[in-house]
Structure formats: structure tokens, C-alpha cells
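Asker: Here is a sequence with its predicted model. Questions after.
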Amino acid sequence: MAQHVVRVRELVRQFGTRKVLDNLDLDVRRGEFVALLGRSGSGKSTLLRVLAGLDREVSGDVRVDGTVSVAFQQPRLLPWRRVWRNVSLGLHGVDGRAVADRALAEVRLSEHAEAWPITLSGGEAQRVSLARALVREPDLLLLDEPFGALDALTRLAMHRLVEDLWQAHRPGVLLVTHDIDEALQLADRVLVLDEGRIRAEHLPPPRPRRHADLTELRDRVLVDLGVENHEAA
Ligand SMILES: Nc1ncnc2c1ncn2[C@@H]1O[C@H](COP(=O)(O)OP(=O)(O)OP(=O)(O)O)[C@@H](O)[C@H]1O
């Protein structure tokens, strides 16, 4: 377990008679960046909720070793707290302001520490949400489509930021996304969830891959997602 932050065996989650997760196995190593792709309704968010400890109506063996932080598609900031207080919320025994300031500097938002959440753009609010996740120095960072609501340029900037933050802090990451290119750019391993299990695993080329040709790999992932047929790819 020591090298793994997540170890899941034979996980079953069913709603009524439907098994959304059906004997699923998953490992995430410490410091590893894993992306999870899958068609809409394949159970990605369900799996994340289980790993976050938000859903215990499961059978099977779920082990998460260490602290966990989650960032969702919507930043979920408290509108009545200033930005820095949103970041330090729930921290005990530390100077919350100092910790928040450090995290806000990392996401390049120092000048917004005193601002109210409503004054932030979508990308800025998402950066606050990342800062809030990171101040807990999580062993596991769960990201549920954190860039899905952002415009394309902001999303690219966020990819770089997340990669920088991951390099600096090295949490294990499980990133749920619909964006294949995002998965191939950011992750060490790209997994495809289908019919309740991890059905495929792809290994993108070594970093840095900003200029890598990922076309072939992308086609293979599309096949696994059922978007392309085998002959075409
Ligand atoms: N609380 C619930 N009660 C009943 N069914 C649920 C519940 N939560 C999720 N489901 C069902 O489980 C399936 C998987 O949902 P989930 O949100 O995990 O999919 P997803 O892969 O994250 O989808 P998307 O990519 O569209 O966000 C869906 O069919 C959904 O309707």
C-alpha cells in the first residue's frame, strides 16, 4: 500500500438493480497523475465520490492512504467569505492567512486575496478552488472536470498551472475529464471506464509533451470510447 495512494478491488456500486461500477479495480501510485475518461453516464463521478468518502453504499475493497482534496467543475466558493478565507476554510492550528497567501501566490492570485468570490472570473474562481485543495497538501487530489466550464484559452492556461502545481507538490491525481487532449497532455496514465470497469489503459509519451504528436494515441482512445470504429482508426 505504501507506494499506492489508491487501491480499489472489486468495487461495486449499484443504483437499484443497475451496477454502475461493476467489480472495478484501480490503483493510483503516490505522486502519479492519472486521467479517467469515459462516456457520459459511465460512472466517473460515482467513482470519484466513492474515493472522496462521500459515498459509502458500496461493496468491495476501497483503500485511500492519506489526505484527500477534491475540486469540482463548479468552484463552490462561499460567497460571503473573502477569497483568502475560502482558501483557508477548515484549516486548524496554522496561520490561515499566511497559508492562504502562499497558495494564492502559487495560483497567481495574490492581488485577489481580499476580493469577494462574485468579483472573480470563472478561471480565477477555479484557481481559488485549486488553491483551497492544495493548502491541505493532499496525498490524493481528485479533480472532477475542473476545467469543463472554462473557455479554451483559459483551459490551456489551467493545464499548465495544474502541471506546475503537480510538479511542485506531487500529489497523486485522479482527473475526470471529457477532453481527450487534456488527458493525454497531463496524465502519466489514461484510463477508460466503460460498463463499470477500467477497460483500457494508455501511456502517453514522456514529458514534456507540449509538442508531441499524440494523434495515433488519440485515435486509439477514441476507439476505446466507442467513437471511432476499429477499421477507421
Ligand atoms: N444518486 C443516484 N441515484 C440513481 N442513479 C444515479 C445516482 N448517481 C448517479 N446515478 C447514475 O449512475 C450513472 C453514472 O453516473 P455518473 O455521474 O457517475 O456518470 P459520469 O460518467 O460522471 O457522467 P458524466 O460524464 O455525464 O458526468 C448514471 O446513469 C446516473 O444516472
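Answerer: Received the coordinates, thanks. Only a predicted model underlies this, so the values are computations on that prediction, with no experimental measurement involved.
Asker: Quickly list what the spatially most central residue of the chain is bridged to.
Answerer: Central residue of the chain (Cα atoms, centre = their mean): Leu143, 2.1 Å from the mean position. Following DSSP bridges, Leu143 is listed with bridge partners Ala71, Leu175.
Asker: mind checking pLDDT for it?
Answerer: We have a pLDDT of 95 for Leu143.
Asker: so who does it touch?
Answerer: Neighbouring residues of Leu143 by Cβ atoms under 8 Å, 6 or more residues apart in numbering: Val70, Ala71, Val162, Val173, Leu174, Leu175, Val176, Thr177. To be clear about C-beta, it is placed using only N, CA and C from the backbone, and glycine gets the same treatment.
Asker: For those, which single residue is the most surrounded?
Answerer: In terms of neighbours by other Cβ atoms under 10 Å, these top out with Leu174 at 28 neighbours.
Asker: thought it was touching Val6?
Answerer: Yes - taking Cβ atoms under 8 Å as the definition, Leu174 is a contact partner of Val6 at 7.1 Å.
Asker: Common neighbours of these two, please.
Answerer: Val28, Leu51, Leu140.
Asker: Show me what the helix or strand of the chain with the lowest mean pLDDT is packed against.
Answerer: Every helix and strand of the chain was ranked by mean pLDDT, DSSP states H and E. The lowest is helix 152-169, at a mean of 91. Counting contacts by 3 or more Cβ pairs under 8 Å, 6 or more residues apart in numbering; DSSP states H and E, helix 152-169 is packed against helix 122-134, helix 180-186.
Asker: if we can go back for a sec, of the shared contacts of Leu174 and Val6, just say which sits nearest to Ile198.
Answerer: For the shared contacts of Leu174 and Val6, the closest approach to Ile198 (Cβ to Cβ) belongs to Val28, at 11.4 Å.
Asker: Can you give me the neighbour number for the closest one?
Answerer: By the criterion of other Cβ under 10 Å, Val28 has 25 neighbours.
Asker: And Pro138, by the same measure?
Answerer: 19.
Asker: Quick one: residues contacting it.
Answerer: Gly66, Thr67, Val68, Ser69, Pro171.
Asker: cool, Ala35 as well?
Answerer: By Cβ under 8 Å, 6+ apart, Ala35 lies in contact with Leu174, Leu175, Val176, Thr177, Glu182, Ala183, Leu184, Leu186, Ala187, Arg189, Val190, Leu191.
Asker: Can you report phi and psi for the last one?
Answerer: Main-chain dihedrals, Leu191, degrees, to the nearest 10: phi -110, psi 150.
Asker: wait, Ala187 sits on Phe33?
Answerer: Yes - counting by Cβ under 8 Å, Ala187 touches Phe33, with 5.0 Å between them.
Asker: okay, among the contacts of Pro138, which ones form the most distant pair?
Answerer: Longest span within these, Cβ to Cβ: Gly66 and Ser69, 10.5 Å.
Asker: Could you measure from Pro138 over to Asp65?
Answerer: Pro138 sits 12 Å away from Asp65, going by Cβ to Cβ, to the nearest Å.
Asker: helix, strand or coil for Arg97?
Answerer: Counting by DSSP: H, G, I helix; E, B strand; the rest coil, the backbone at Arg97 sits in helix.
Asker: out of everything not next to it in sequence, what's closest to it?
Answerer: Leaving aside its sequence neighbours, Arg97 sits nearest to Trp84 (Cβ to Cβ, 6 or more residues apart in numbering; 6.2 Å).
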